[in-house]
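Student: got a predicted model here, sequence first, then my questions.
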Amino acid sequence: DDSDQLYLFRLREHMQRYVESARLSRLHLDYGRDELCAAVVELLRRNGIRRDIYVRPYSFARGIVRQLMVPEDVATETVIDCWPFQSSLRSLKGCKAGVSSWRRIEDTVTPPRVKAFSNYHNGRFAMMEAKHGGYDSAIMLDGNGKVSEGPASCLVMVRNGRIVTPSTTS
């Protein structure tokens, strides 16, 4: 019985992306990937987590920054937060999705691969539009009108019995 086990899906890869995002954003982190992974495990252990959970680390400028824009390499603080999240991966439940009029942000506008709150705002608009249209979720297209992703999620399709995903550049 797995009910007492805690499984973390690709934690090292997620934390590596987080560290890379900070580097690309020119934010100084006091912690590396392995330290962040250990902190996530400790957080979940101390809270006795034994269910689907969403883990979100975030870093922000330490103290009061009086400039309009946060300067590069400023000292940061990091917080790791978690809250219950109900996954539907083990169920046969599908969702009703509509194609959004909001396009995925372009790489030349802001780097969408960077894990930053501002990048999730794009998907938020798509999700609000989907909900108003009676859908559970949205399908976002890239600037060329090709299927790209869902709000804060990847898309996987089955076409002619084969699994198809958008390219990594989509």
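Tutor: Happy to help now that I have it.
Student: most centrally placed residue in the chain?
Tutor: A152 (5.2 Å; C-alpha atoms, centre = their mean).
Student: for burial, what's the neighbour tally of the closest residue to that residue other than its chain neighbours?
Tutor: In space, and not counting its chain neighbours, A152 is closest to G123: 5.1 Å by C-beta to C-beta, 6 or more residues apart in numbering. Where you see a C-beta, it was placed from the backbone N, CA and C, and this is true even at glycine. G123 sits with 22 neighbouring residues when counted by other C-beta atoms under 10 Å.
Student: and C37, by the same measure?
Tutor: 17.
Student: quick one: contacts for it?
Tutor: By C-beta atoms under 8 Å, 6 or more residues apart in numbering, the residues touching C37 are 11-12, 15.
Student: next one: phi and psi at S59?
Tutor: phi -120, psi 150 (degrees, to the nearest 10).
Student: state the helix or strand in which R12 lies.
Tutor: According to DSSP states H and E, R12 maps onto helix 11-24.
Student: other SSEs contacting the helix or strand bottoming out on mean pLDDT in the chain?
Tutor: Every helix and strand of the chain was ranked by mean pLDDT, DSSP states H and E. The lowest is strand 157-159, at a mean of 87. Other helices and strands packing on strand 157-159, by 3 or more C-beta pairs under 8 Å, 6 or more residues apart in numbering; DSSP states H and E, are strand 162-164.
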